[in-house]
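Chemist: Quick one, structure for this:
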Amino acid sequence: MSKRILRLLSLTALIFLVAFPLSLQLKQEGAGTVEKVTDKVFCIQGETANIAVFLGKEALLVVDSEYPKTAPGLLQKIRSISSLSIKYLVNTHYHGDHTGGNSIIGEGAEIISHKNCQASFLRTLKPEDDPKSKGAPQTIFEKEMTLKMGEDAVRLLHFNPGHTSGDTVVVFPTAGVLVAGDLFFHGMAPYIDVEDGADTANWVLTIRQLAEKYPDYKIIPGHGKVTDMQEWLKFSDYLEYLRKEVKKAMAAGKTKEQAQESIDTSRFSYIADIGQFLTKKANIGWIYDELSR
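Modeler: Below is the predicted model:
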């Protein structure tokens, strides 16, 4: 079997693993709820993921778009916040539960992402797909980008691979709010996209660097309730602990399955297993795979 076919099969499996289980298992309580985080920032709880809206003086900036089937309803929720046009749609990463509605939410807007997010988005398209009609990000950045929203400046930051190879953190300095994307699954076991280059060491470092710079900011996670930096730091503690324990298990010659069975995660009662896919056991397995690369 050729490397190209193997790669296509791998990507097909990845799309299935990311989109299908999340859509079935990550049903958010209160889906469709619009939460006013500050006077200018709103969080819409999508069916599985959160969407952030920044209310500028003359236009809106939206972060993420969820799925094609949920995007029309999300657009109605956005219109309930303001009738202003959407100037920018920012994707925090390429997964379908955050970019699937791009062509609907981002129609007429400038769609922006990190360069690796755009590359991963394009790799998951079928050969017959038109990138523009699928809402592929048009504008990319490498480390940092500033968007002007009237008198407000919005910062887009990338801190090397974490949850994926192309995560973007969106900072609203005048509002004191940070949008974490899937660098934060609040109160639940995260997905670790090893296939796309996830790096949990960088992930932990990113959270702690942001906590030092923005200690009092409100955090909009990719999944779960809006919270504060202390909760995000607790999440980083969980990732750091798993890395340490997996390293110890590997040094002792344990297989991935043995590591999954032997590592004690009982201290992390605030991290819930979601279905059969997003579990602490799965997290141990993904980190084992990451450290085996």
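
Chemist: check contacts around the residue nearest the centre of the chain.
Modeler: Among the residues of the chain, the one closest to the centroid is residue 182, at 2.5 Å (CA atoms, centre = their mean). By CB atoms under 8 Å, 6 or more residues apart in numbering, residue 182 lies in contact with 92-93, 95, 98, 163-164, 167, 190-191, 222-223. For the C-beta atoms, the positions are set from N, CA and C on the backbone; glycine is no exception.

Chemist: buried subset of those residues?
Modeler: Buried members of the contacts of residue 182, scored by 16 or more other CB atoms under 10 Å, are 92-93, 95, 98, 163-164, 167, 190-191, 222-223.

Chemist: Of these, which belong to helices?
Modeler: Secondary structure from DSSP state H places residue 98 of these in helices.

Chemist: quick one on the thing from earlier: okay, the contacts of residue 182 in JSON lines with pLDDT and distance to residue 214 next?
Modeler: Below are the contacts of residue 182 laid out as JSON lines (pLDDT from 0 to 100; distance: CB to CB, whole Å):
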{"residue": "92", "pLDDT": "98", "distance to residue 214": "16"}
{"residue": "93", "pLDDT": "98", "distance to residue 214": "20"}
{"residue": "95", "pLDDT": "96", "distance to residue 214": "24"}
{"residue": "98", "pLDDT": "97", "distance to residue 214": "22"}
{"residue": "163", "pLDDT": "98", "distance to residue 214": "18"}
{"residue": "164", "pLDDT": "98", "distance to residue 214": "22"}
{"residue": "167", "pLDDT": "98", "distance to residue 214": "16"}
{"residue": "190", "pLDDT": "97", "distance to residue 214": "21"}
{"residue": "191", "pLDDT": "97", "distance to residue 214": "24"}
{"residue": "222", "pLDDT": "98", "distance to residue 214": "17"}
{"residue": "223", "pLDDT": "96", "distance to residue 214": "20"}
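
Chemist: tell me which of those residues is nearest to residue 125?
Modeler: Distances from residue 125 to those, taken as CB to CB, are shortest for residue 95 (13.8 Å).

Chemist: My read is that that closest one contacts residue 164, right?
Modeler: Yes: using CB atoms under 8 Å, residue 95 makes contact with residue 164 at a distance of 7.3 Å.

Chemist: Need the residues touching each of the two.
Modeler: 182, 193.

Chemist: Just the pLDDT for residue 31.
Modeler: You'll see residue 31 listed with a pLDDT of 78.

Chemist: Give me the spatial nearest neighbour of it, chain neighbours excluded.
Modeler: Counting by CB to CB, 6 or more residues apart in numbering, residue 31 lies nearest to residue 47, which is 5.0 Å off, once chain neighbours are set aside.
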